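Trainee: here are the coordinates; sequence isn't available:
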């Protein structure tokens, strides 16, 4: 019985670990982007940016819309400029355009 408990506890612990893609998707959604666009952009960005750059992007979740409205890709790209990283800006811009077209 004790062995079974340890196996269950270990598997629950592993299932709660979020991948970088999941964390970025959640941060983009929290920032106000729609769920489909956030998922698409996160998938593209984890393949193109370093972990350091992804962590910088996660910090943008504090730019959440105060009126409860969804943030547009254009607004998110503008906020990404504040990170002063041309590579992040390029990946966010291209991912945003591609994902907006896919989701639209």
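Mentor: Alright, I've got the coordinates. No experiment lies behind these values; they were computed from the predicted model shown.

Trainee: report the central residue of this structure.
Mentor: Closest to where the C-alpha atoms of the chain average out (C-alpha atoms, centre = their mean) is residue 24, at 2.1 Å.

Trainee: that residue contacts residue 56, doesn't it?
Mentor: No - counting by C-beta atoms under 8 Å, residue 24 stays clear of residue 56, with 10.9 Å between them. C-beta: built from backbone N, CA, C; applies to glycine.

Trainee: count the neighbours of residue 45 for me.
Mentor: The tally of other residues near residue 45 (other C-beta atoms under 10 Å) stands at 24.

Trainee: work out for me the element it sits within.
Mentor: helix 35-48 (DSSP states H and E).

Trainee: distance between that helix and the chain's centre?
Mentor: Computed by C-alpha atoms, centre = their mean, to the nearest Å, the separation of helix 35-48 from the middle of its chain amounts to 7 Å.

Trainee: what's residue 84 sitting at in phi/psi?
Mentor: In terms of degrees, to the nearest 10, the main-chain angles of residue 84 are phi 50, psi 50.
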